[in-house]
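Student: 3D, please:
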Amino acid sequence: MNKIISALTALLFIMPLHTTAKNKTISLRVIETSDVHGSFFPYDFINNKPKAGTMARVMTYVRTLRQQYGDNLILVDNGDILQGQPTCYYYNFIKTDVPNAAAEVVNFMGYDAQTFGNHDVETGHAVYDKWVSEVKCPVLGANIIDTRTGQPYVKPYTIIERQGVKVAILGMITPAIPNWLSEKLWSGLRFDEMVSTARYWMKHLAEHEHPDVVIGLFHSGMEGGITTDEYEEDASLRVAREVPGFDIVMYGHDHTRHKDIVQNSEGRDVLCLDPSCHAIYVADATIEIEKDRKGRVVSKRVDGDLVNITSYETDPAFMQHFQASIDEVSKYVNRPIGEFENTINTRDSYFGNSAFMDFIHDLQLSLADADLSFAAPLSFDASISAGTLHVSDMFNLYKYENELYVLKMTGEEIRKHLEMSYDLWVNTMTSPDDHIMLLNDGSTDDQQRFRFKNLAFNFDSASGIDYEVDVTKPDGQKVRILRMSNGEPFDESKWYRVAMNSYRGKGGGELLTRGAGLTLDEIKERIVFQTDKDLRYYMMKEIERAGRLNPQPHSNWRFVPDEWAKPAIERDKALLFGK
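Tutor: Okay, the predicted model is just below:
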């Protein structure tokens, strides 16, 4: 009997359950990761160095909380888990006869729910359908619709019950997928607008599930992004404001830390949390529910914040479980494939021609029968050192699994495309002391912009034409195309074949739409060539074929006037990169 009493006393001590004569209070803890992008292990396989953000550290944080909360700890992931590190590429496309490492991590850590992200969709049906089948928790996506049935392709929501508290988690994805990804990657699917989807399922939850708590788990940023007549790319706060019933909205996609408390249309507060990316932060929310003896909610209190987990040690059990995977991926990325005679880096590409970007331009032009090439730096400050090249270097050279497209464009459309690109990128200087770059207020929290005002992966330059960018001219008038690089005249009324990645070729970044003035239907009709595999695959093959390469800048474009541009470039280069 004494042993039974002692066991009950211990149980009451560790469970977050407080009782009065009439009511009881249940405490729940909800942890969200988002945009992990393959940051599972404490190794940066791309740059061969320790990694601060990692699920191995998140596991330590979660394990600590589970000692206090037990099953009242709810763990959710918000998508973009299948792409970003060599680990992902290896298990997505190379080692496909075993469970995907992304599924194994989610299962080992005991996640309760998972959503789709746009970069998960980018892996294609074969990869993400397999991943969904391997993940033990529900994978959610209320606005991912199977066009054959008109129903959600995966579960729209999941219900979790803890100590008599019923928690509904509704998952959604940004509906802007068709602006970025080839239709073959999401064939048979459509992506519905978020606000109307949320209204439909909130009504369904209220009528059929009667939850005590509703959490939104949205792979969509705070607000804005691509906006059309049909949808907004980033609509998480709009949903929180306009669709009553959410207690917490946990979101992501925009790689920027946010904590907001917004009022919905009924005047109730909604806690909104975005932990940014790469498992550096988690969103951490506490819910306290007071219920009477009949199980009715008497009061509800929600609080939360963003927690940096990089100071936590890696979880030993996690490391032991995945050591074989770590060793296998290390062996894969360390395979030598060729040699560079000189070091190249992306930072040069913001200020003029760069060997880094022109190597990509050259490859795009060699893969397709094209007259010119568009490309942008996909990493803020990536470099590849002279010497032996390894598989890991390919992930610095090309960050995403984009394919190559060739589109037909007129000379005028090409110029307008470039005008918008440089308007996103370059300041209109009114004095020699101005910045040449469009910079933000100094914040580095945004992991997609850093110090730039806009997204650097939309900073397209061109190869195949010679041109100048006049930084004293207003937006829309900066670019002057001098000639084709082969010496032939450039004609704005002539048709040209333009090579670009599939993200841009589907309208990503809106350079083809808002810039060149094409509709999405027109863009689709203009595609005349498309590769079967991703650009990184072809880059690796080219390096292996050549063996030894000496990438050099083309010197086909520059900022003018020199007397303003050159000193401004040096100032902004020092500001951005400290040198």
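Student: For the stretch 301-450 of the chain, just list every one of the strands.
Tutor: Under the criterion DSSP state E, counting those that start in this stretch, the stretch 301-450 of the chain carries strands at the ranges 336-340, 344-345, 372-375, 383-384, 387-390, 404-410.
Student: for A499, phi and psi?
Tutor: Backbone torsions of A499, given as degrees, to the nearest 10, read phi -90, psi 140.
Student: The stretch 451-579 of the chain: strands as residue ranges?
Tutor: Secondary structure of the stretch 451-579 of the chain (DSSP E, counting those that start in this stretch): strands located at 461-463, 465-470, 479-484, 495-501, 527-530, 548-549, 557-560.
Student: what's the closest of those to I177?
Tutor: I177 lies closest to strand 495-501 among the strands of the stretch 451-579 of the chain, at 16.0 Å (C-beta to C-beta). From N, CA and C alone the C-beta is placed, and that goes for glycine too.
Student: Okay, now the unreliable bits of the chain?
Tutor: The chain contains residues with pLDDT under 70 at 1-21, 442-450, 579.
Student: tell me how far the lengthiest helix in the chain is from the chain's mean position?
Tutor: In the chain, with assignment by DSSP state H, the single longest helix is helix 316-333. Offset of helix 316-333 from its chain centre (C-alpha atoms, centre = their mean, to the nearest Å): 24 Å.
Student: and what of stretch 24-41?
Tutor: On C-alpha atoms, centre = their mean, the centre of stretch 24-41 falls 18 Å from the chain's centre.
Student: And for stretch 151-161?
Tutor: On C-alpha atoms, centre = their mean, the centre of stretch 151-161 falls 23 Å from that of its chain.
Student: again with stretch 126-146
Tutor: When C-alpha coordinates are averaged (C-alpha atoms, centre = their mean), stretch 126-146 and its chain have centres 18 Å apart.
Student: For it, buried residues please.
Tutor: Within stretch 126-146, the residues scored as buried using 16 or more other C-beta atoms under 10 Å are 127-128, 130-132, 134-135, 137-145.
Student: Among the residues you listed, find me the one that's closest to H210.
Tutor: Lowest distance from H210 to the buried residues of stretch 126-146 (C-beta to C-beta) belongs to A142, with 18.2 Å.
Student: burial of the closest residue to the closest one other than its chain neighbours, as a residue count?
Tutor: Distances taken as C-beta to C-beta, 6 or more residues apart in numbering place P156 nearest to A142, at 3.5 Å, with adjacent residues excluded. Neighbours of P156 under the rule other C-beta atoms under 10 Å: 22.
Student: Compute the distance between P156 and L28, please.
Tutor: For P156, the distance to L28 (C-beta to C-beta, to the nearest Å) stands at 22 Å.
Student: what does Q163 give?
Tutor: For Q163, the distance to L28 - C-beta to C-beta - is 8 Å.
Student: Touching both of these two, which residues are there?
Tutor: N72 (C-beta atoms under 8 Å, 6 or more residues apart in numbering).
Student: Could you check which of these two is surrounded by more residues?
Tutor: Comparing Q163 with L28 by other C-beta under 10 Å, the one with more neighbours is L28, at 24 against 16.
Student: what are the bridge partners for the nearest residue to V213 once chain neighbours are set aside, then?
Tutor: Once flanking residues are discounted, V213 sits nearest to V167: 4.6 Å by C-beta to C-beta, 6+ apart. Taking DSSP bridges as the rule, V167 bridges to I160, V213.
Student: How many neighbouring residues does V167 have?
Tutor: Residues lying near V167 (other C-beta under 10 Å) number 23.
Student: and what of the one 3 residues further on?
Tutor: The burial count assigned to L170 is 30, neighbours taken as other C-beta under 10 Å.
Student: what does L549 give?
Tutor: 17.
Student: what's it in contact with, if anything?
Tutor: G338, E339, F340, E341, F359, I543.
Student: And it, how far from L363?
Tutor: Taking C-beta to C-beta as the measure, L549 and L363 are separated by 11 Å.
Student: looking at the sheet around the residue nearest to G547 when sequence neighbours are not counted, what are its partners?
Tutor: In space, and not counting its chain neighbours, G547 is closest to G338: 5.6 Å by C-beta to C-beta, 6+ apart. Judged by DSSP bridges, the bridge partners of G338 are L389.
Student: Does G338 touch I543 like I think?
Tutor: Yes. Between G338 and I543 there is a contact at 3.9 Å, judged by C-beta atoms under 8 Å.
Student: secondary structure element for D260?
Tutor: strand 257-263 (DSSP states H and E).
Student: and the next helix or strand after that strand, what does it pack onto?
Tutor: As assigned by DSSP H and E, the chain's next helix or strand after strand 257-263 is strand 269-275. Here strand 269-275 is seen to pack against strand 24-33, helix 236-242, strand 248-251, strand 257-263, strand 281-291, strand 297-308 when contacts are counted using 3 or more C-beta pairs under 8 Å, 6 or more residues apart in numbering; DSSP states H and E.
Student: Quick check: Y400 vs H37, distance?
Tutor: Taking C-beta to C-beta, one finds Y400 at 10 Å from H37.
Student: next one: A103
Tutor: Relative to H37, A103 is positioned 15 Å away (C-beta to C-beta).
Student: And E209, by the same measure?
Tutor: Taking C-beta to C-beta, one finds E209 at 32 Å from H37.
Student: Looking at these two, which one has more neighbours?
Tutor: H37 (23 against 13).
Student: For that one, which residues are in contact?
Tutor: For H37, the contacting residues are D80, I81, Q83, G84, Q85, C88, H119, C277, H278, by C-beta under 8 Å, 6+ apart.
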